[in-house]
Each structure stands twice: as structure tokens, then as C-alpha cells.
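Q: One predicted model, sequence on top.
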Amino acid sequence: MYSLSLNRWGEIGKFLSCFCLCLLLVVSCAHKQQTTSQTTNDGRITIGTTAKPRTLDPADAYELAALSLVFNMSDRLYTYEPGSAEIKPQLATAPAKVSPDGLTYTIPIRKGVVFHDGTPFNASAMEFSIQRFIENKGKPSFLLSDTIDKVKATGEYELTIQLKRPFAAFPSLLAFSGVCAVSPKAYALGAGQFKPSIFVGTGPYKLANYGTDSLRLDVFDQYWGEKPVNKGINIQIQSSPVNLFNAFTTNAVDVAYLSLKPDQIRNLESGAKQGKWQVISAQGSVVSYMGLNRNQKPLDKLEVRQAIASLIDRELINQRVIFGQAASLYSMLPTTFNASEPLFKDKYGDGQYDKAKKLLSAAGFSPSHPAIIPIWHSASSAIYSSVAQTLKSITDKELNGMVQFQINPVESATFFKEIGKGLYPVALFDWYPDFLDPDDYVQPFLACEKGSVSQGCTTGGSQAQGSFYYSEAMNKLIAQERQELKPEARKQIFAQIQALETDDVPYIPLWQSKDYVFAQKGVSHVQIDPTQNLIYKSIKK
Amino acid sequence: MSRSKALQFYIVSRIILAPLQLLTIITIVFLLLRATPGDPADAILGGRAPENAKEELRQQLGLNLPIWLQYINYLGHLVKFDLGTSLTSRGQEVWEIIGQYFPATLELAIFSMAVALIVGITVGTLSASRPGTVFDLGGRLFGIITYALPMFWAGMLLQLIFSVQLGWFPNSNRFPPNLPVPATITGLYTVDSLLSLNFGEFLVSLHYLALPSLTLGILLSGIFERIVRVNLKQTLQADYVEAARARGIPERRILVTHALKNALIPVITVLGLTFASLLGGAILTEVTFSWPGLANRLYQAISDRDYPTVQGVLVFFGAIVVSASILIDILNAYVDPRIRY
């Protein structure tokens, strides 16, 4: 009996082994079937990304991961022309009529638009959407709550918005992805009343499924505008850039966007040159700066700040650290705007070590009495770590010890919390714009509500950004540009702002981002808008 | 006291002590989160929000209260099984997050455990039953290597070989994005597809599950291999095994029927705790393979300073580990008559 039982056990073991082997083979072979189904031309586009949205509620969405989805599933009153910072009407039918005092905007609203749930869209629905954006107190609510006094549907297809104070960049604020129309039937008004897992808007795609690692967007058949050229979008969320890289190179996704590491981008660019796939790059609007705290020694001396501006070699940093995947920036304003003027290049140039030495000597520093300057950056940024190291190496080599940079990485939450307290003499950081207007690159950095020349800024943008810059002239210029509605006159004001900033050096612009999208062969019409949103509806396979 | 009474007393005392264990975990998690840098108001509203808005939110969330009061409030909610609402995915209950993400973790844990047990026991048995041979040496090496290999490294290497180079398995994720996921019954895709009698979906689910579960299972199998090998070796030298040999019982029968059974008793303890820790999140596996499990979600919540989600998920994991350890103790007590209380 025992022997029989043992034999049976043996047989069972053999059977199980064979079964496991067969299962492994079947499962492995299923790969080919699977891969084929992902790459067949079913008209749907599969996009791979590491950008996992934390919410789909437009009133609480503030990061690119969520805003990019909201952008593609929604319509706003105004939107950007692809590839430019110019805005055009979307749910509005024409540019807003602005009252002479710049406080009242009257906007004609589009007819014949319906929400994904079938609810008709009109001015009241837009009023509800804007009210909700403000009153629900989501992450980006301050963008409108600081600016809008009242919003009212003054007709079935006319919306009137009253501002607290004139703001020339207001139409750009209305193009913010989160300020989109949402169905009053699907959402509620009230602080904290968010729906992170649904989206009911008016855009060309409607949300079909929101999974834990993927999303499916289907074409909205009743869309009022130009319909998408594809049959829908599948989004696969990866937890790391290396998985996104592998998913793209193994053809598991049609398009890879956000966020690959510089070395992976370089690798994929090289593959694109060999014809394996396509690379689409566009000038981005994210800028990287060095903030200089005027309340900390030795940066309280203008000459020291100017010396640092002179010794920075942007091209060298760009090539060595980010493999040329950015554009050197010589103004607070990125080149996205025609108001941008490369004044730092004209005044300080790149790697002007002799000039830096002269300025440092004038400030009383020498090799025996060096300027000791701590540089702080977020520890999570490998790029800034390399930038700081590169800067230190070059300075050590070229300045004969007149400047000693000390590199201090700090945990990112602490870094961003403490920067406004003035702990960091020099800080390296990025700026992601909220809306595309030169004001968003100037006011948050240079404006100061309270302060004095002797103390620096105690409350305001420049204090929050850690430079503590205070200038009456600058405050006046910023107030003027915010009120000026004539583009040419406004451009002149921005020129003066840039000139003053270049003279005083509270910040040193380093580079402006480039956005990269990779697409398989056979995928066409891949576009990125200036706010880094991948435009889904034009992608064709 | 008779053995059954002692056992009953032991079980009751373990169950009574469980809330205390859980309270300790809750307290440690609560205090550690408060000690980490970063302000939840910044995490929710962003660094650019006005200070008055942040202050208003701190008051609304009770973050301006003294820590002991926040702790009492938190315990009050926990007693009602209220884990709170996510701070980053505002409007989403923590229980909802657990419900969404835990099935993926459970599925990965079950399959990894199956792989670990099959491989570990097989290699351990082969190694112990052939001392001094190449099997023994191979088993030892296997145990050491799999135990010592870092998960993220092994995972990436296997991805590179089996996914990128050979193309046998998908690189990452749980299901292809171009196919609708199986209808949710249990949340375990393999089970749901079988329950819906959709074998195509079952194979696809298995295909996606194969690489992460094989990786994790093989790395964990080293633990079982070592335990089985050591215990089986000792058992094979026991008097009753010698007696069986003296009676002429074939070696194979001695091994399978007499020795292995007893050698597997310590495996129960390790099995339970390992399984509980897997349910508590094989975070490196989930992140390496973009597996959308609860550990991956926890990692995101930690990065976002999402206190309620981190607390809720950790308390949930803690409850699993405490329950599992009680179950293992009780099971061991039943299985092994040598255990005294």
C-alpha cells in the first residue's frame, strides 16, 4: 500500500512538473499574441508614462500628470494654439470684451455643446465650473480666488467675470487646464467636495476606465469640435523611467512621454537616428534658476552675485549634465515669449572667469580670503547635484580659490519648506508655470508685498522664492505690466523688468526645458502644447 | 492543566493581546509620521498656495491641534473603522484605496508563495537527501544566492533577459492597457477570469503575473530551502528514521512519508510570517515591475505626505501581520505536540 502510494506521489509529481512546464510555455507563447494585439492597428493609441495622476478632479488637479489628462478630456473657455503661447477661443466663441477699467470680462459662450453625461452646456454650467474651481478650495484654487471677484451667467450664452483688480494675463488663466467646463449634474459645490476618480467634461474624449495602472479614454461621439483621428487612448502607467524605457523599446506602447532620464533620452535619440522609432522634441516652458539670497553673506554684495552670474557656463553644464537636452537661458523669461531678451548673455556671458575675478576682488575677496558660498538643492534631483558638482569643479579650477562652493543636498520637502525662511544662500530649483504668460515668470519671483531696501522682502514672492529681493522700481513695473492691456506697451515693461533683474541678480537663469516624446514608426501627428500637454486627439496610427 | 485547556487559554490570551500589539503599531506609525519632514498642508495645496489658505486647511484637518489630541482623535476614528480620507486624492476614502490596490498585492503574494514553496521544498529536499553530492552543494549555493540577491537588481536583470531580450513575458504592469480588465468579482484577475470562464483573460493575467511572481518566489525560496535542508538533515539522523531503515523501509518512502512531514513543521511558522510580510507589501517587487499593488500605492502616499493613507495602509498591514502571527501560533500549537505554553 505504501509502495503504491509512493508511486502515485511520484506520478503526481511528474504530472505537476509537466503541467507547470506546459503552463510556462503556453504563458510565454501568449506573449506573441499579446504583443501583436498591442501593436495591431485597432486605431487606439497606447501611451506609456510614469506620470500617475493623483486625481482627475479639475478643481484639485495641479500636477502635469493629472492636468494632461484633464486637458485632453475637457474644453476651456480659451486654449493655446499648438506650438505657441497665443491663446484662442475654445468654449468661448470670441476673445473677451474687457471694460475700460480692466475689471469686467464679458465672454460669449459656444452653443451646441454637451457634457459626456448628456447634460447641455451653457453659461450657467461654465459659471458653476468656475465657482467650483474657486469654492472647493483645491490645490490650484488660489489661481482664480486671488483674481476673480464675481462670476455670473448674464445670459444663456454669455458669461461675465468681475476681477478684484486688473490683470492683463487673465485670459491665460482661463486657459489653465483645470478651469474647464464640468457637468453640474456630476459634481458638487463646496470646500473639499472632490471626485478624484471620475471626469465628466465636454472634451473630445470621455473616461471609459480608471484603473490602478491604466486608463482608457474613448472618443466622445457627441463632441462639438473636430473629432480625434484615433479610436481612443490607452494609458499605461509605469512606476519607473526604466520600465517606461523598456516598455517603449519592446513595442509595448506606441508613445512614451514623461518622464525618461537624460541618459535614456540620449539612448532613444540614438535609436531614432537609426530609424528604429521617432523622436519629437519641442521647446518646453519649465525653467531652471539659481536663487541668490541677498540677506546672506557674501551674497549681500552685488559684485558677488554678478561674479557668480559671470562664471556660470551654461553650455558646458547643458552638455555635461543634461546631454544638451535643454536650451541655455539668459533671461527670467523663457524664449516661449517674444518679450524674452537674453540680457544675461549680453551683460555676463558664459564662463567669464576673469570678469568674475575682478568683481570678486572689488568685493574684497581673494585666494587668501575666499568667498564661501553654500549651494543647496533638493536631494532628489540628480541633475542639480551634478550641476552643483560641475560648478564647484570649474570654480576650483578657474578662480584660484577666490570662491569656494559648498554643496548641500537636502530632503525635498524640507528644501521647499525652508527656502522661504532664508536658510539657503544659493538654491537651485525649477519653475513649472501655472499659466503661460510672462507675468508667471516674474511676479512670483520679484514682487514683494512688504519689505524695505535694508531688510529685503519680508512678505511676498521674492521672500517665498528665497531671494528676499526688494526693489520699489521692480514692484511698480510689475504692477504696471499686470494692468497694461496693450501687448506692445506690456512688452516694453517686461524689457525694463528684465534689465533691472539682470543688474540686481536676485536669480540667475540657467536653462529652459526641452520636452521629448518618443513614438513608434507608423505613429504620426504627435504634438506637445507649450504647457507640456501631449495632444492626444491628433495622434494617428 | 490539560493540554487542550492550556491551548484554549493560550489562544484567548493571544487574541486579547492582539489589540495591544496593534495599538503599539498604530502609535509608532502615528509618531513617526509626525516626525518626518514636510507639511501636509503644503502637500495638499502646494508650495505656491497663500499661507492663509494653508493655515485654514491645517485647522480644518486638525493639524494645528496638540499631537496628543490628534492621536486621541485618530484613535476615535479607528475604533469606528474610519481610516479617513486621502489628502492627495481628495474625496477618496482610505478604505477605497485599500480595496482598489490590495487584490493585486494578494494575487502576487499567493503566486509568489506558491513558487517559493514548490522551489524551496524541492531544492531543500534534494539537497538534504543527498548529502555531500553535487545536489547538496547546489542546494546550499542556491539558498545563499537567492537569499542574498537584492530584489530590485534580480528583478531588473530578469526583466532584461526574459522581457527585453527574449520577449517571453511583459516587462511590467498587471494587464495590457488595450484590453478591458476582467470583470471585478474578487479583484484577483486570475480568479475573476476563471470565474467568468474567460480562459483567454486567465492566460493573459497569468502571463503578466508570471515574471514578478517567479522573481519574488525564487528569491523567497532560498528561505524555505535552507529551513527544509537543515531540518530534513537533522530528521534523517533521528532514531525513528534509523529504526525505519533497520526495518528495511525504502529510503524514498522514509524521506517522503516520515522525515519530510516533520521537517516541514518549522516551515509553517516562516511560511505564515513571510506570507504576511508579502501581503504587507513586496514594495521592491511592485515598484520594479510597476505592479499596481498596495505597497506601490503606499510608496506614492509616503512621497506625497498623504498621512491618512500612509497611516491607514500601515495599520491595515499591521493588522494582517498580527492576525497572521496569531494564526501561525495556533496552527503550530495544534500541529506540533511538543509545544508547551
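A: That came through, no problem.
Q: Show me what counts as buried in stretch B:255-272.
A: Buried residues in stretch B:255-272, counted by 16 or more other C-beta atoms under 10 Å in any protein chain shown: B:255-260, B:262-267, B:269-272. Where you see a C-beta, it was placed from the backbone N, CA and C, and this is true even at glycine.
Q: Just want the residue of chain B that's nearest chain A.
A: Going by C-beta to the nearest C-beta, chain A is nearest to B:Gly38 of chain B, at 3.1 Å.
Q: Hmm, A:Thr414 and that residue touching each other?
A: Yes - taking contacts as C-beta atoms under 8 Å, B:Gly38 lies within contact range of A:Thr414: 7.2 Å.
Q: give me the subset of the buried residues of stretch B:255-272 touching chain A.
A: When contact is defined as C-beta under 8 Å from any C-beta of the partner chain, the buried residues of stretch B:255-272 meet chain A at B:Val256, B:Thr257.
Q: what about the nearest residue to the residue of chain B closest to chain A once chain neighbours are set aside, neighbour count?
A: Using C-beta to C-beta, 6 or more residues apart in numbering or on different chains and skipping the chain neighbours, the partner closest in space to B:Gly38 is A:Ala413 (3.1 Å). For A:Ala413, the neighbour count with other C-beta atoms under 10 Å in any protein chain shown is 19.
Q: dump the residue contacts of A:Ala413.
A: The contact partners of A:Ala413, taken as C-beta atoms under 8 Å, 6 or more residues apart in numbering or on different chains, are B:Thr36, B:Pro37, B:Gly38, B:Asp39, B:Asp42, B:Ala43, B:Arg305.
Q: Those: which two are farthest apart?
A: The distance between the two most remote of the contacts of A:Ala413 (C-beta to C-beta) is 12.7 Å, for B:Thr36 and B:Asp42.
Q: Give me the more crowded residue out of those two.
A: With neighbours defined as other C-beta under 10 Å, B:Thr36 and B:Asp42 compare such that B:Asp42 has more, 17 against 13.
Q: Report the contact partners of the more buried one.
A: A:Ala413, A:Phe416, A:Lys417, B:Lys54, B:Arg305.
Q: Kindly state the pLDDT recorded for the fourth one?
A: The one in question is B:Lys54. We have a pLDDT of 80 for B:Lys54.
Q: Ok, the one 10 residues further on next?
A: Note for B:Asn64: predicted pLDDT of 84.
Q: doesn't B:Leu57 make contact with it?
A: No - in this structure B:Asn64 lies outside contact range of B:Leu57 using C-beta under 8 Å: 9.8 Å.
Q: With neighbour numbers in mind, choose between these two.
A: Counting neighbours by other C-beta under 10 Å for B:Asn64 and for B:Leu57 shows that B:Leu57 has the greater number, 22 against 12.
Q: so which helix or strand takes in the residue lying closest to that one once chain neighbours are set aside?
A: Spatially, and ignoring its direct neighbours in sequence, B:Leu57 is nearest to B:Ala41 (5.0 Å; C-beta to C-beta, 6+ apart). In the assignment (DSSP states H and E), B:Ala41 maps to helix B:40-45.
Q: Report the next helix or strand after that helix in sequence order.
A: helix B:51-61.
Q: what angle separates the following helix or strand past that next one from helix B:51-61?
A: Using DSSP H and E, the helix or strand that follows helix B:51-61 towards the C-terminus is helix B:67-79. Counting by axes from the mean of the first three to the mean of the last three C-alpha atoms, to 10 degrees, helix B:67-79 points 50 degrees away from the direction of helix B:51-61.
Q: ok, and what's touching helix B:67-79?
A: B:Ile26, B:Thr27, B:Phe30, B:Leu31, B:Arg34, B:Gly62, B:Leu63, B:Leu65, B:Leu83, B:Gly84, B:Gln311, B:Val315.
Q: Take those residues and keep only those in helices.
A: When those are checked against helices (DSSP state H), the matches are B:Ile26, B:Thr27, B:Phe30, B:Leu31, B:Arg34, B:Gln311, B:Val315.
Q: Just put the residues you listed in a markdown table and tack on distance to chain A and pLDDT.
A: Below are these laid out as a markdown table (distance: C-beta to the nearest C-beta, whole Å; pLDDT from 0 to 100):
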| residue | distance to chain A | pLDDT |
| --- | --- | --- |
| B:Ile26 | 23 | 91 |
| B:Thr27 | 23 | 93 |
| B:Phe30 | 18 | 89 |
| B:Leu31 | 18 | 90 |
| B:Arg34 | 13 | 83 |
| B:Gln311 | 17 | 91 |
| B:Val315 | 21 | 91 |
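Q: Low-confidence ranges, chain A, go.
A: A:1-41 (pLDDT under 70).
Q: Would you pull up the residue in it closest to chain B?
A: The nearest approach of chain A to chain B comes at A:Ala413, 3.1 Å away (C-beta to the nearest C-beta).
Q: circling back to that earlier point, would you tell me what helix or strand the residue nearest to B:Gly38 is located in?
A: For A:Ala413, the element it lies in under DSSP H and E is helix A:412-418.
Q: worst-scoring helix or strand of chain B, pLDDT-wise?
A: helix B:40-45 (a mean of 76; mean pLDDT, DSSP states H and E).
Q: Just want the most central residue of the chain.
A: Picked chain A for this. Computing the C-alpha centroid of chain A and ranking residues by C-alpha atoms, centre = their mean puts A:Tyr432 first, at 4.3 Å.
Q: not what I meant, chain B
A: Nearest to the mean C-alpha position of chain B, counting by C-alpha atoms, centre = their mean, stands B:Leu278 at 1.2 Å.
Q: need the contact list for that residue.
A: B:Leu278 sits next to B:Thr105, B:Leu108, B:Ala109, B:Ser112, B:Met113, B:Leu216, B:Leu220 when contact means C-beta under 8 Å, 6+ apart.
Q: Centre of the chain to the longest strand seen in chain A, how far?
A: As assigned by DSSP state E, the longest strand anywhere in chain A is strand A:277-292. Its chain's average C-alpha position is 9 Å from that of strand A:277-292, according to C-alpha atoms, centre = their mean, to the nearest Å.
Q: How about the contacts made by the residue lying closest to B:Leu236 once chain neighbours are set aside?
A: Once flanking residues are discounted, B:Leu236 sits nearest to B:Ala259: 5.3 Å by C-beta to C-beta, 6+ apart. The contact partners of B:Ala259, taken as C-beta under 8 Å, 6+ apart, are B:Leu232, B:Thr235, B:Leu236, B:Ala238, B:Val241.
Q: Can you get me a residue count around residue 329?
A: Here I'm looking at chain A. By other C-beta under 10 Å, 24 other residues sit near A:Leu329.
Q: sorry, should have said chain B
A: 17.
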